[in-house]
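mind looking at a prediction? Sequence and model below.
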2 protein chains.
Amino acid sequence: MHKTLPTLLATAVLALLSQAAIAVRQPPEKPVTPPKSSAEILAQSPAGDWREIKPEDLLVMELAQGQATQQVLIELAPRFAPRHAANIRALARGGFYDGLAIVRVQDNFVTQWGDPNGDDAKTAKPLGKAEAKIPAEFSVDYKSLPPALFNKIPDLDGWAPMSGFVDGFPVAADPKAGKAWLAHCYGMVGAGRSDAVDSSTGAELYAVIGHAPRGLDLNITVVGRVLKGMEYLSALQRGGPNMGFYDKPEQRTGITRVRLASELPEAERPALQVLRTESKTWDALLEARRHRGGWFVHSPKHVEICSASVPTRPRPAP
Amino acid sequence: MHKTLPTLLATAVLALLSQAAIAVRQPPEKPVTPPKSSAEILAQSPAGDWREIKPEDLLVMELAQGQATQQVLIELAPRFAPRHAANIRALARGGFYDGLAIVRVQDNFVTQWGDPNGDDAKTAKPLGKAEAKIPAEFSVDYKSLPPALFNKIPDLDGWAPMSGFVDGFPVAADPKAGKAWLAHCYGMVGAGRSDAVDSSTGAELYAVIGHAPRGLDLNITVVGRVLKGMEYLSALQRGGPNMGFYDKPEQRTGITRVRLASELPEAERPALQVLRTESKTWDALLEARRHRGGWFVHSPKHVEICSASVPTRPRPAP
């Protein structure tokens, strides 16, 4: 038999996460219901556990690879970075990103895109109707998160006193400090900045392509998550020794265009749904990761916000 | 100014990690010495903090990419997987890996290589002098690790009661259970197995190319770490929906040859050194990751075994 590793959503044991389990700091020792695979959990998920993506929060990025066009879908997180989300929408509406390029790919860190001439005020592409200066949005008021939407997980996170999911995004929090923030997990998208904390505009963006660089949390504004096409950002040739920036222009991958789904004709909008992270189905998937079955002989009884990514699916036919 | 993110070893604050700090479960609140960058820490490291790699523990893998040859260097971990290390040496000496291929690349998970015909007993490549059956080596006796070599870190790890570094490898441990094991961090190499725990031989190997899949710990034998050329394994085109296995043979990347450095002429052996993880230099680099400076405005006061990878360097001229 061909030797294989399990998929990220491999055969697993299901136990619905009780509210009690959410309240304590350690998950239950054993699953409380019979084994179910993650595939079964997803297959049996009620329609109400899935949500549509607001068209004004969905970026549709097209990369030019030879003849082929690669589509990358990014969901913005206005609850956590409203000013950056608004600016990115303005940039997309103005066609700012069209014709720009992926300028940096640093192994086990980030893929970054923007204006290759951004350095040079003379040749830099104008931001159009977007603002040239907006505040840093490294965190939000913890109390601003609706408790019903913040699905806290009991598992210890060394990077923050509290962690969980809101709106499908991995979130860390420090209730005592009154802060909550988006965590730098694989596939999360942030807004590049220079030394000034408020120097990001959304004109230059990056996606995490390696082990979660949680040390960046609270140091830079995270604006959203790649929902689809991550493999087009993660499999690119790595750049040079200067932090992964490409040495030669021809190494760059061109960005054909970036549109907001809301700007596209109804028929061209991606028909994608995201699992609600406040749903029982998501709790069940997380619990299935803690208590493994099938190929696994040991269960970690643990999961992190960065070790389980929130599923998407094509919108089912009505 | 062009907006950039810091490198994984960005300007940072140095504080030598005291033995006391190692003993407790939380790192010191503040650095105890003036700021130094990670580059400075490395530049000022004494020669004795670096070690040579045993030639019989160093795999030199060559991949065929068009006309170019890409070299991937892997250090075996005989202290943690002696039987697998011995088998992999036998396979390399027998030229088993030569002409095989990378058969699987699953995004945010693993790149896997071996015999594309491994499924079929008739056409499968014979293992030669390597053993067809060896025991699983998921963990070792915690007491077998020399205390002076196990550099424990105080930072909480949700996956294990204890974590740190041994021989340059990330290690997790459960002293009560008497176990220690290599952690599935980015760049770690393991031996694929089927459902039977003792079905791995080292004939099929994988490298972690995404967020650390720590859920695999204690479920499969980890055999070593990629020291160099990781970008040749991580930037490959992702495979199909079947766990990332390539659908078409032409998608595979060929393995030209795999040799043990000990089998190569002195002059052809990679002149690479690895930082000793029991050294003060490594403690200082970890502390610099906890207390950031320069571009950073917030320090996590935390690091994980999978968020800091152990440096290598070309052997300095005598």
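Happy to help now that I have it.

use CA for all of it now, contacts and neighbours both
Fine.

which helix or which strand is home to the residue nearest to residue A:215 when sequence neighbours are not counted?
In space, not counting the residues next to it along the chain, residue A:215 is nearest to residue B:300; the distance is 5.8 Å by C-alpha to C-alpha, 6 or more residues apart in numbering or on different chains. Taking DSSP states H and E as the definition, residue B:300 sits outside all helices and strands.

so residue B:300 touches residue A:213, yeah?
No: taking contact to mean C-alpha atoms under 8 Å, the distance of 10.8 Å between residue B:300 and residue A:213 leaves them out of contact.

those two: which has the busier surroundings?
With other C-alpha atoms under 10 Å in any protein chain shown as the criterion, residue B:300 and residue A:213 differ in neighbour count, and residue A:213 comes out ahead with 22 against 18.

how about residue A:285, phi and psi?
Residue A:285 has phi and psi values of phi -70, psi -40 when expressed as degrees, to the nearest 10.

tell me how far the residue nearest the centre of chain A lies from residue A:78.
With distances taken as C-alpha atoms, centre = their mean, residue A:225 lies nearest the centre of chain A, 2.4 Å away. Separation of residue A:225 from residue A:78 (C-alpha to C-alpha, to the nearest Å): 12 Å.

can you tell me the SS state at residue A:86?
Assigned with DSSP: H, G, I helix; E, B strand; the rest coil, residue A:86 falls in the helix class.

residues touching it, list them.
Taking C-alpha atoms under 8 Å, 6 or more residues apart in numbering or on different chains as the definition of contact, the neighbours of residue A:86 are residue A:78.

for residue A:278, same thing?
Residue A:278 makes contact with A:148, A:149, A:150, A:151, A:165, A:166, A:167 under the criterion C-alpha under 8 Å, 6+ apart.

narrow these to just the buried residues.
Buried members of the contacts of residue A:278, scored by 16 or more other C-alpha atoms under 10 Å in any protein chain shown, are A:150, A:151, A:165, A:166, A:167.

tell me the bridge partners for the residue nearest to the first one when sequence neighbours are not counted.
What it means is residue A:150. By the measure of C-alpha to C-alpha, 6+ apart, the closest residue to residue A:150 outside its immediate chain neighbours is residue A:166, 4.9 Å from it. Bridge pairing for residue A:166 (DSSP bridges) gives the partners residue A:169.

residue A:166 against residue A:153, yeah?
No: the criterion here is C-alpha under 8 Å, and residue A:166 misses it with residue A:153 at 11.3 Å.

sticking with the closest residue to residue A:221 other than its chain neighbours, tell me its helix or strand.
Nearest in space to residue A:221, with sequence neighbours left out and distances taken as C-alpha to C-alpha, 6+ apart, is residue A:138 at 4.8 Å. Residue A:138 belongs to no helix or strand when assigned by DSSP H and E.

residues making contact with stretch A:234-242?
Identification of contacts with stretch A:234-242 by C-alpha under 8 Å, 6+ apart yields A:104-107, A:111, A:209, A:244-247, B:107, B:231, B:234-238.

which residues touch the closest residue to residue A:135 other than its chain neighbours?
Counting by C-alpha to C-alpha, 6+ apart, the nearest residue to residue A:135 once its immediate chain neighbours are dropped is residue A:198, at 5.1 Å. Residues counted as contacts of residue A:198 (C-alpha under 8 Å, 6+ apart) are A:133, A:134, A:135, A:136.

can you select the buried ones among these for me in ChimeraX?
Those of the contacts of residue A:198 that meet the burial criterion (16+ other C-alpha under 10 Å) are gathered into one ChimeraX selection, given here:
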select /A:136
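
close to chain B: what parts of the stretch 151-300 of chain A are there?
Within the stretch 151-300 of chain A, the residues that sit near chain B (C-alpha under 8 Å from any C-alpha of the partner chain) are A:155-159, A:186, A:192-195, A:200, A:204, A:209-213, A:215-216, A:218-219, A:231, A:234-238, A:243, A:289, A:295-300.
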